[in-house]
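# below are the sequence and a predicted model; questions follow.
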Amino acid sequence: MGISLKAFLFQSDRKTRASRPVEIRFCGGLSRDASLLIALPIDAGEAVLSLRAMDSLTRYFRGEKAVVGDSSLGELFSYTRLDIEFCPLQDLPSFLKERKFDLFWDLNRPPSPIWKYITGSEFKIRIGSDPDRYPDYNVITEVDPGRPGGEYQEEALRMLLIPINPFVLRVSEDLRRKTWDKLLYKGHDSDRVLVFLDVADPRNYSLVKHYLLGFFKGSVTFLVMRVSRRTSEEIDIGGFEFGERLAALSLSDLYVGEGGFYSGLAAQLKIPQMYIPGSKLSLPAGTHFVYFEPDEEGFSRDFKELLSS
């Protein structure tokens, strides 16, 4: 039995030569033997949240597969050893000159910047979520834009009858133990709260540090990356291997950030999160987080509840 959802096949009207969407009754016509190139979301945080959708696609299709995404994701793919080839976005033009795929699936929300890379390409089927980008995409999945990261991409798969497989980002206990010992060696104390501080703006960085030092009465260790002048309560993990940074995040009591790559990882690992107001977020439903608004009534209460969740 077919399924009729908001999945549109764009066709050309021969009389007017205009392009118009035609709603189709989709009956699972995507060949599982097709070769596939997947474009992850440009936003690195949302790309991390889309790993389950990506993994579901790679399990469904049996042909040759590759994935393209922001270069910052390269370390993650090397660490997780996902059974798929990774191509940094900047290398995509040369990559497409050497490789051919039957199907292209863009997991970006509209407007996606990926279309310009596939213009004139030889993909038989080009799937995306932006109805304004015909004929660059010839199959459009119209998903509720209010859906959070990960869920948005998975709904597009469901529309085309792709089953969603379970996927959990894991950190081995052995690596967690070794990383914990390394943090203790670097100056952490097990009695202190461990905070992964992923804030680039110097002013926000100072404000968050000052607040948390007072809130925890100085009993806190901040995990930071490549600070110019490290203080006694900070441990610079910028030189750690990626797996160690991921393990350090999984050991943290709190993640503080502005959105982005480690934000997505923190959500995957279900770490309590606090964000700078104005951060670009696309977090899964049920994510525990607060905005850093210490002057707002009720913030301290909400923050305490977050830490106890």
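On my side now, so go ahead.
# would you list every one of the helices in the chain?
44-49, 51-60, 74-80, 92-98, 115-118, 151-159, 173-185, 202-215, 242-251, 261-269, 299-308 (DSSP state H).
# grab the nearest non-local neighbour of Arg52.
Phe167 (3.9 Å; Cβ to Cβ, 6 or more residues apart in numbering). Placement of C-beta: from N, CA and C, glycine included.
# what about the one you found, neighbour count?
Neighbour count for Phe167, taken as other Cβ atoms under 10 Å: 17.
# contacts only, for it.
Neighbouring residues of Phe167 by Cβ atoms under 8 Å, 6 or more residues apart in numbering: Leu51, Arg52, Asp55, Ser56.
# and the two most separated of these?
Largest separation among the contacts of Phe167 by Cβ to Cβ: Leu51 and Ser56, giving 9.6 Å.
# compare the two (neighbour count), which wins?
Neighbours per residue (other Cβ under 10 Å) separate Leu51 from Ser56, with Leu51 holding more: 23 against 20.
# okay, now the domains of the protein?
As given by automatic domain parsing, the domain ranges for the chain are 7-159, 173-308.
# now stretch 90-100: average pLDDT?
Mean per-residue pLDDT for stretch 90-100: 93.
# circling back: make CSV out of the helices of the chain and add distance to Asp130.
Below are these laid out as CSV (distance: least, Cβ to Cβ, whole Å):
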stretch, distance to Asp130
helix 44-49, 15
helix 51-60, 17
helix 74-80, 25
helix 92-98, 18
helix 115-118, 7
helix 151-159, 11
helix 173-185, 39
helix 202-215, 33
helix 242-251, 32
helix 261-269, 22
helix 299-308, 36
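# for Gly286, find the nearest of the ones you listed.
Between Gly286 and the helices of the chain, the tightest spacing by Cβ to Cβ is seen for helix 261-269, at 9.7 Å.
# restrict that closest one to CA atoms and write it as CSV.
Only the C-alpha atoms of helix 261-269 are listed here, as CSV (Å, rounded to 0.1, in the frame of the first residue of the first chain):
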residue,chain,number,x,y,z
PHE,A,261,29.4,21.2,17.0
TYR,A,262,29.9,20.4,20.7
SER,A,263,26.3,21.6,21.4
GLY,A,264,25.1,18.7,19.2
LEU,A,265,27.5,16.3,20.9
ALA,A,266,26.3,17.4,24.4
ALA,A,267,22.7,16.8,23.3
GLN,A,268,23.5,13.4,22.0
LEU,A,269,25.2,12.5,25.3
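# counting by contacts, list what it packs against.
When contacts are defined as 3 or more Cβ pairs under 8 Å, 6 or more residues apart in numbering; DSSP states H and E, helix 261-269 packs onto helix 44-49, strand 193-198, helix 242-251, strand 254-257, strand 273-275.
# run the chain-centre distance for the longest one.
If I follow you right, that is helix 242-251. Distance, stretch centre to chain centre, for helix 242-251: 16 Å (Cα atoms, centre = their mean, to the nearest Å).
# for it, packing partners?
helix 74-80, helix 173-185, strand 193-198, helix 261-269.
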